[in-house]
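Q: Kindly return the folded structure for what I paste below:
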Amino acid sequence: MKQETEVREFERFSDEILKKYKVPGFAMGLAKDGELCYENEFGHRDMEAELPLSADTVFGVGSITKAFTATSILQLQENGKLSVKDHVTKFLPEFRTPNEEYTKQMTIHHLLTHTSGLPPLLTLIAAIKRSMEKDPKFGEDQQESPLDAIREIDTYKELMDSIANTEFALLGEPGTEFSYSNDAYALLGAIIERVSGMPYEQYVQENILEPAGMHNSGFHYKTMNGHEDIAVLYNMREQDGEEIVFRSNNPWDAPAMRAAGFLKSTVNDMLKFTEIIRNSGEVGNVRILSPESVELMTTPHIKCGHGSYYGYGLNIIPDFFGYKLIHHGGDIKGVTAQMNILPELDLTGISLANLAGAPSSKLLFSAFASQHLDKSLDASHLNVEVVELDLESLKEFEGTFISGDGMINEFYVEDGRLHLATAGMPAVVLDPIGDDQFLLTIREMDSTIRFVRDKDKKIHRIEFVLRQIQKIEK
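A: Purely as a prediction, here's the structure:
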């Protein structure tokens with residue numbers, strides 16, 4: 001009876017949050033010991049036609065694709081085709097950055113762990129530019145677009161040329177600095193292609209999706225054999241001070257970046273993929289990876305946030321209410337996805353929404369905590385305490401931080417507290433937790449920001465949403 005009550009409370013909680021964020025369609029599935037133990041759908045895959053959702057509805061999974069890319073690399077290592085210790089230039093001799101010495105040091109391991117030193121760049125936007133230009137236009141959107149100044153990237157060659165010809169500073173010597181990089185995973189896609197002798201998408205299809213029984217997954221809807229249970233994509237814009245959700249069923253694509261975030265899948269299929277991690281490389285009776293490779297994927301190689309680390313294509317929280325949580329999210333137009341795995345409890349889960357910015361992560365984390373760890377629905381795994389900072393100390397954190405991909409973050413003190421204003425997000429209040437770190441809430445989830453100082457103890461970067469972002473001196 002207690003379990004039934006917890007499920008009802010969770011579903012009420014989910015409904016409230018999903019309505020708050022105006023999510024058109026949301027699907028979630030949890031599996032225990034590889035068997036589906038909870039499934040829930042909210043809304044519709046197509047609001048206008050009122051078509052229902054199911055565990056076989058196809059959604060984008062965004063950056064969870066990176067786990068498939070890492071799996072591919074480790075398969076190739078098992079087959080003796082490469083080593084994660086190999087230098088990137090062994091397979092991509094034309095690859096260059098502004099720092100020749102650091103470029104020579106970069107290894108596949110550095111790409112897998114986002115420690116190559118590459119900062120956020122405009123390359124992802126350039127890679128999806130052709131898709132973005134097909135999106136519906138409204139009012140002010142009809143004006144000249146900033147996209148006009150960006151040159152398209154359609155191939156791995158054009159991607160590497162763009163990186164080589166862009167002026168930027170690497171964040172540090174390879175292996176020393178973490179900053180989430182779509183470019184790194186795009187380059188891994190190029191390596192997979194060259195080593196395997198087949199397109200990246202074909203490699204994943206033949207070596208992961210098909211053997212794992214993920215028959216409703218792929219990189220192109222047209223290859224899904226007439227499968228019609230597909231979620232329509234929705235987008236959001238502001239109109240007269242109100243956020244409006246609208247149908248925008250134009251999937252973005254980026255041929256040079258597919259290895260970073262363009263897989264489509266379902267709840268049922270993704271639960272099969274989570275078995276690879278939970279079950280030491282096996283899905284049913286099929287072995288996808290060796291136990292040693294799974295161990296490599298799930299090793300906390302580098303710290304990437306407060307209490308959080310990065311493995312190979314996976315995030316690791318060593319202490320999620322006393323357990324090791326392996327997870328990854330995905331977020332792009334018409335997509336918000338979250339994948340969680342608690343190997344010690346043989347518990348896995350996936351949540352998928354057809355709107356960017358949906359609270360998919362919060363709901364999946366809450367399902368794990370409330371239904372399986374006896375925690376409250378709003379419990380946070382972050383073990384932090386807010387500390388007091390005087391006004392003078394807070395003022396030190398004011399400033400503008402702009403990433404190479406155009407993300408602008410403005411920090412300012414108001415009413416004795418530090419605030420953050422980021423384009424496309426409501427302003428948020430930050431609470432100090434010591435060591436130049438602050439606590440904030442994003443999409444109902446507790447998160448942290450760390451301010452990074454240079455050798456002279458001056459703040460010159462922030463670590464935010466897994467990326468290192470540079471301060472702009474005015």
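Q: Show me the helices in the stretch 51-200 of the chain, by range?
A: Listed in chain order, the helices of the stretch 51-200 of the chain (DSSP state H, counting those that start in this stretch) span residues 65-78, 88-91, 100-105, 108-112, 123-132, 156-165, 182-196, 200-204.
Q: what's the closest of those helices to residue 422?
A: Relative to residue 422, the nearest member of those by Cβ to Cβ is helix 123-132, separated by 16.6 Å. Just so you know, the C-beta spots here come from the backbone N, C-alpha and C atoms, and that holds for glycine as well.
Q: re the thing from before, hey, least reliable of the helices of the stretch 51-200 of the chain by pLDDT?
A: When the helices of the stretch 51-200 of the chain are compared by mean pLDDT, helix 123-132 comes last with a mean of 94.
Q: May I have that helix as PDB, with CA atoms only?
A: Included here for helix 123-132 are C-alpha records, laid out as PDB according to Å, rounded to 0.1, in the frame of the first residue of the first chain:
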ATOM      1  CA  THR A 123      30.600  24.800 -34.300                       C
ATOM      2  CA  LEU A 124      27.400  23.100 -33.100                       C
ATOM      3  CA  ILE A 125      25.300  26.000 -34.300                       C
ATOM      4  CA  ALA A 126      27.200  26.000 -37.600                       C
ATOM      5  CA  ALA A 127      26.600  22.300 -38.000                       C
ATOM      6  CA  ILE A 128      22.800  22.600 -37.400                       C
ATOM      7  CA  LYS A 129      22.400  25.900 -39.300                       C
ATOM      8  CA  ARG A 130      20.700  24.400 -42.400                       C
ATOM      9  CA  SER A 131      18.100  22.700 -40.100                       C
ATOM     10  CA  MET A 132      17.600  25.900 -38.100                       C
END
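Q: Who are the packing partners of that helix?
A: Based on contacts counted as 3 or more Cβ pairs under 8 Å, 6 or more residues apart in numbering; DSSP states H and E, the elements that helix 123-132 packs against are helix 156-165, helix 182-196.
Q: now the last one, how far from the chain's geometric center?
A: Going back to what we said before, that points to helix 182-196. Its chain's C-alpha centre lies 18 Å from the corresponding centre of helix 182-196 when counted by Cα atoms, centre = their mean, to the nearest Å.
Q: tell me which residues in it are buried?
A: 182-193, 195-196 (16 or more other Cβ atoms under 10 Å).
Q: can you check stretch 367-374 too?
A: By neighbour count on 16+ other Cβ under 10 Å, the buried set for stretch 367-374 is 367-373.
Q: Please render the residues you listed as JSON lines that adds pLDDT, secondary structure and distance to residue 453 to the earlier fields.
A: Below are those laid out as JSON lines (pLDDT from 0 to 100; DSSP: H, G, I helix; E, B strand; the rest coil; distance: Cβ to Cβ, whole Å):
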{"residue": "367", "pLDDT": "97", "secondary structure": "helix", "distance to residue 453": "38"}
{"residue": "368", "pLDDT": "97", "secondary structure": "helix", "distance to residue 453": "35"}
{"residue": "369", "pLDDT": "96", "secondary structure": "helix", "distance to residue 453": "34"}
{"residue": "370", "pLDDT": "94", "secondary structure": "helix", "distance to residue 453": "39"}
{"residue": "371", "pLDDT": "92", "secondary structure": "helix", "distance to residue 453": "42"}
{"residue": "372", "pLDDT": "94", "secondary structure": "helix", "distance to residue 453": "40"}
{"residue": "373", "pLDDT": "95", "secondary structure": "coil", "distance to residue 453": "36"}
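Q: Pull the most distant pair out of these.
A: Within these, two members stand farthest from each other by Cβ to Cβ: 367 and 373, at 10.1 Å.
Q: before we move on, the earlier item: can you list the buried residues of helix 182-196 in a markdown table and add distance to residue 339?
A: Written out in a markdown table, the entries for the buried residues of helix 182-196 read as follows (distance: Cβ to Cβ, whole Å):
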| residue | distance to residue 339 |
| --- | --- |
| 182 | 18 |
| 183 | 22 |
| 184 | 19 |
| 185 | 16 |
| 186 | 20 |
| 187 | 23 |
| 188 | 19 |
| 189 | 20 |
| 190 | 24 |
| 191 | 24 |
| 192 | 21 |
| 193 | 25 |
| 195 | 26 |
| 196 | 24 |
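Q: Which member of the residues you listed is positioned nearest residue 165?
A: Distances from residue 165 to these, taken as Cβ to Cβ, are shortest for residue 183 (13.6 Å).
Q: Output the helices of the stretch 51-200 of the chain in TSV; the columns should cover distance to residue 447.
A: Conversion of those to TSV gives the following (distance: least, Cβ to Cβ, whole Å):
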stretch	distance to residue 447
helix 65-78	19
helix 88-91	31
helix 100-105	30
helix 108-112	23
helix 123-132	21
helix 156-165	29
helix 182-196	20
helix 200-204	30
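Q: Tell me which of those helices sits nearest to residue 315.
A: From the helices of the stretch 51-200 of the chain, taking Cβ to Cβ, the stretch that ends up closest is helix 65-78, at 9.8 Å.
Q: Just the CA trace of that closest one, in CSV.
A: The C-alpha trace of helix 65-78 is given here as CSV (Å, rounded to 0.1, in the frame of the first residue of the first chain):
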residue,chain,number,x,y,z
THR,A,65,24.0,9.8,-27.8
LYS,A,66,27.4,10.4,-26.3
ALA,A,67,27.1,7.2,-24.3
PHE,A,68,26.6,5.3,-27.6
THR,A,69,29.7,7.0,-29.1
ALA,A,70,31.8,6.0,-26.0
THR,A,71,30.4,2.5,-26.3
SER,A,72,31.5,2.4,-30.0
ILE,A,73,35.0,3.5,-29.1
LEU,A,74,35.4,0.9,-26.4
GLN,A,75,34.2,-1.8,-28.8
LEU,A,76,36.8,-0.8,-31.3
GLN,A,77,39.4,-0.9,-28.5
GLU,A,78,38.3,-4.4,-27.5
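Q: same for it, what does it pack against?
A: Contact here means 3+ Cβ pairs under 8 Å, 6+ apart; on that basis helix 65-78 packs against helix 108-112, helix 182-196, helix 200-204, helix 258-261, helix 267-278, helix 291-297, strand 323-332.
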